[in-house]
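Sharing a model prediction with you, sequence too.
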Amino acid sequence: MFKRLREDIATIRERDPAARSAWEVLTCYPGLHALVLHRFAHACWLAKRRWLARYVSQIARFLTGIEIHPGATIGRRVFIDHGMGVVIGETAEVGDDCTIYQGVTLGGTSLTRGAKRHPTLGPGVIVGAGAKVLGGFTVGAGAKIGSNAVVVKPVPEGATAVGNPARVVAPAKTAPVQVKPASAREGFCAYGITPNADDPVSLAIHGLIDHAATQTQRVDAIVVALERLGARLEALHGADAALAELRRLSEGLECGGPQAEASSREDEKAPARV
Ligand SMILES: CC(C)(COP(=O)(O)OP(=O)(O)OC[C@H]1O[C@@H](n2cnc3c(N)ncnc32)[C@H](O)[C@@H]1OP(=O)(O)O)[C@@H](O)C(=O)NCCC(=O)NCCS
């Protein structure tokens, strides 16, 4: 219990520039109080003490302004900042390392009892102040929901959704989103803002990184194609050797294509590797 509490305090100190000391966090952060009380309420809920669970949840709401249904599943290192007006429904699931600001609703649109009515937030999701996420769908890992957005459809991993109804403004990355544990302060964008998003130097560096990634993919594709043609690329060392191997291949192609080249190599029994 104290380990979790220490982890929660550390999370808040990392993610809120306004947090100055552990004591301040322990005494002045309603998001922390709500989560501690929710853990107790959730344990009561799982133990089938349903009334007690709801009652604890209502006390927590009275004290913090944050209403978390005791049936909701909340991950580790979740940070509810400010918190007033946050409502998290019964079948909602909040992944590890999520950040939720004041006025957020993780709500339902269906009245079917026992169904999954509330959203699931993947790890590392940031939900801006006043946003409403309504329905039993998933918001992918690392996604950002703009303040006051009304989200009624799934949001892909790493995407940014804004507006009412929410639309994706920054699409998901092609590579799977790596959600870093919140221990690294630099891994977290306070308020979901992309740091240096408009800085031309930062944009140029990101352009170069993207370009390098594309080139790497193309080189990989070329290597695969060359290996299909019979190149022994594991034996290549340096540009001269690569050039020699390419010459050998092109000579092989001129003398009757890859098959001929491959069979002549088999005939040699001891292929001249470069
Ligand atoms: C949505 C958000 C995460 C986007 O941050 P970002 O990645 O830096 O993206 P940008 O600021 O470049 O915005 C991208 C586009 O979305 C628009 N946008 C940003 N936030 C928006 C919002 N809440 N509602 C509607 N549109 C929004 C921008 O105008 C921009 O549009 P454009 O491309 O047509 O100019 C951020 O604006 C946000 O709302 N964070 C939550 C902050 C919060 O709740 N703070 C509470 C502190 S107490």
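Happy to help now that I have it.

Near the ligand, which residues of the protein? Just list them.
Residues of the chain lying close to the ligand (CB under 6 Å from any ligand atom) are 82, 101, 128-129, 144, 146-148, 160, 162-163, 169-170, 191-194, 197. C-beta: built from backbone N, CA, C; applies to glycine.

Okay, and which of the residues you listed map to strands?
Among those, the ones falling in strands (DSSP state E) are K144, T160, V162, V169, A170.

neighbour-wise, which of the residues you listed leads?
Neighbour counts for these peak at K144, which has 26 neighbours (criterion: other CB atoms under 10 Å).

For that one, list each beta-bridge partner.
Following DSSP bridges, K144 is listed with bridge partners I126, T160.

need the contact list for it.
Residues in contact with K144 (CB atoms under 8 Å, 6 or more residues apart in numbering) are V125, I126, G128, A159, T160, A161, A170, C189, G192.

for R113, same thing?
Contacts of R113 by CB under 8 Å, 6+ apart: none found.

Name the SS class of it, please.
Here R113 is recorded as coil under DSSP: H, G, I helix; E, B strand; the rest coil.

do the one 3 residues further on as well
In three-state terms, and counting by three-state DSSP, K116 is coil.

Against V94, how distant is the residue lying closest to it once chain neighbours are set aside?
Closest residue to K116 apart from its sequence neighbours, by CB to CB, 6 or more residues apart in numbering: G136 at 4.0 Å. G136 is 14 Å from V94, where distance means CB to CB, to the nearest Å.

And the residues of the chain next to the ligand, which of them are buried?
Neighbour counting with 16 or more other CB atoms under 10 Å marks H82, Y101, G128, A129, K144, G146, S147, T160, V162, G192 as buried within those.

Where does pLDDT dip in the chain?
Scanning the chain for pLDDT under 70 picks out 172-188, 190, 194-199, 202, 233-243, 252-274.

mind listing the helices for it?
Per DSSP state H, the chain carries helices over the ranges 2-15, 22-28, 30-46, 50-64, 200-228, 238-254, 257-268.

If anything else comes up later, I'll come back, but that's it for now.
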